[in-house]
Every structure is written in structure tokens, then in C-alpha cells.
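**Q** predicted model follows, preceded by the sequence.
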Amino acid sequence: MDVEDLEDLIPEEITGACGVIAPFIAYLFITISVIINRDWFSWSDHALSHLGESGLAYNYVFNAGLIIAGIMGLIFVFGIIEYAEDVLGYYGVAFFAAGMVFLILVGVFPIGRGPHFWVSVLFFITSISGLTAIGVDQLWDLVEPVWGTMILSSVILSIAVIGLVTSIPYDPLGAAIPEFIATIPIMQFTLVFGSRMWLE
């Protein structure tokens, strides 16, 4: 099966819709989890994953949100393949797809279960690496370089903001705020390209 066959597996309207809806699902379930656990959860003291910790009451809300969003992200990947301009773009799509798999695994393996730390780290590494590669690939498209500029500027801005936030002399500084900021370029990418696929 070649790349063209992968593109045709799922209609573009469906892959686009999944790209638009996935971040809303993730943020909605995270918001509900924060509200449920508002008596102890602190953005400055905890990681987002604490909302899904093994043994915590209603942890399935947070974990289910990640799993659903990850599955929708994987469906979205089938649509963005056609936007790859070169080999670098295909590598970027593959890394982003791996990121969605790791997002699912974060929900499957919450804090307190085996490989949670590593699947969480790998989610961010593979997703952001994939976005960076896709951004560079899109920037090479001299017809519409705006897409690459948008992706790369979002990634760079998020990394810069995380750097500023983590430099604040606050003790303790939880991971929740940097984690949330790191999801912004992923959310922006799926929303913009999902809308692009859905509406074209």
C-alpha cells in the first residue's frame, strides 16, 4: 500500500472533522476533570496527568478524553498525508501519528501504571518533532509558504513561553502549565488543517 492508498482510506471531510473536533474533546474532558477535582488540583503544583491518576475517583474522565482525542488525531493523520510536499513532510506526518498513539497510551497508562512517564514524554517529543518537520516541509512550498510559517511560529512561540514560565522562581512549579502551553501548537495545527480539509 503506497501513500496515495492511505490518503483514500478515509474521506477528507471525515479526517478534517476529526482534526477540528479532537482538541475540543481533549480540552472539554480536561476542563471537566479540573472542575471535578477542584478541591485539590492546582495548575501551579500538579501535572495534568494527576487528573487521571490510577485509583483516583473519576480518573476515567481525563483518561477517556485523551484516548478519544488520540483516536480522532490518528484519523486526522490520514488526511494530512496529502499535504506533505517531500520526504521530510512524510516523516513529519509519521512522527505526528506516533504522537497520537502515545497520547492514547497516556490515557491507557495513567500515573501509577507502568510506562506512564515515558509515553507522556514521547507524546510531546514526537508530536512537536512531527509538527516542526511538517512546518519546514510546508515552508518549502513557495506557492503557499504561509502554512509552514504558521506551524513553525506556533511551535517556536510555545517553546519560548514554556522557557519563560519555567524560569519563574516559583517553588514548586507543577508541570500542568507548561504541558498545556505545549499542546497549543498541536491544537492550532489540527484545527487549522482540519478546517482546511473539511471546507475545501
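**A** Thanks, I have it.
**Q** the residue nearest to residue 188 when sequence neighbours are not counted: which element?
**A** Distance criterion C-beta to C-beta, 6 or more residues apart in numbering; nearest residue to residue 188, sequence neighbours excluded, is residue 154 at 5.1 Å. Glycine gets a C-beta too; all of them are placed from N, C-alpha and C. Using DSSP states H and E, residue 154 sits in helix 146-166.
**Q** packing partners of that helix?
**A** helix 116-139, helix 176-199 (3 or more C-beta pairs under 8 Å, 6 or more residues apart in numbering; DSSP states H and E).
**Q** can you list contacts of that helix?
**A** 83, 128, 131-132, 134-141, 173, 177-178, 181-182, 184-185, 188-189, 192-193 (C-beta atoms under 8 Å, 6 or more residues apart in numbering).
**Q** now the residues you listed: which count as buried?
**A** Among the contacts of helix 146-166, those classed as buried by 16 or more other C-beta atoms under 10 Å are 83, 128, 131-132, 134-139, 177-178, 181-182, 184-185, 188-189, 192-193.
**Q** okay, now the unreliable bits of this structure?
**A** 1-8, 141-144, 164-173, 200 (pLDDT under 70).
**Q** hmm, back to that, now do the buried residues in the helix holding residue 154.
**A** 147-148, 150-152, 154-155, 158, 162.
**Q** which member of those is positioned nearest residue 24?
**A** Nearest to residue 24 out of those is residue 154 (C-beta to C-beta; 17.6 Å).
**Q** of the helices and strands packed on helix 146-166, give the one that comes closest to residue 20.
**A** helix 176-199 (4.0 Å).
**Q** tell me the angle of that closest one relative to helix 146-166?
**A** 170 degrees (axes from the mean of the first three to the mean of the last three C-alpha atoms, to 10 degrees).
**Q** helix 176-199 packs against which elements?
**A** helix 12-36, helix 59-80, helix 116-139, helix 146-166.
**Q** nearest to residue 97 among these would be which one?
**A** Nearest of those (C-beta to C-beta): helix 59-80, 4.5 Å.
**Q** and the angle for whichever helix or strand comes after the closest one with helix 12-36?
**A** Per DSSP H and E, helix 59-80 leads on to helix 87-108 as the next helix or strand towards the C-terminus. Note on geometry: by the same axes, to 10 degrees, helix 87-108 and helix 12-36 are set 40 degrees apart in direction.
**Q** quick revisit: using CSV, write out every CA atom in the helix holding residue 154.
**A** What follows is helix 146-166, C-alpha atoms only, in CSV (Å, rounded to 0.1, in the frame of the first residue of the first chain):
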residue,chain,number,x,y,z
VAL,A,146,2.1,30.7,5.0
TRP,A,147,1.1,27.2,6.2
GLY,A,148,4.7,26.4,7.2
THR,A,149,5.2,29.8,8.7
MET,A,150,2.1,29.4,10.8
ILE,A,151,3.1,25.9,12.1
LEU,A,152,6.7,26.9,12.9
SER,A,153,5.8,30.2,14.5
SER,A,154,3.3,28.4,16.8
VAL,A,155,5.9,25.8,17.8
ILE,A,156,8.6,28.4,18.4
LEU,A,157,6.3,30.7,20.4
SER,A,158,5.1,27.8,22.6
ILE,A,159,8.7,26.8,23.3
ALA,A,160,9.6,30.4,24.2
VAL,A,161,6.6,30.8,26.5
ILE,A,162,7.4,27.5,28.3
GLY,A,163,11.0,28.7,28.7
LEU,A,164,9.8,31.9,30.3
VAL,A,165,7.2,30.2,32.5
THR,A,166,9.7,27.6,33.8
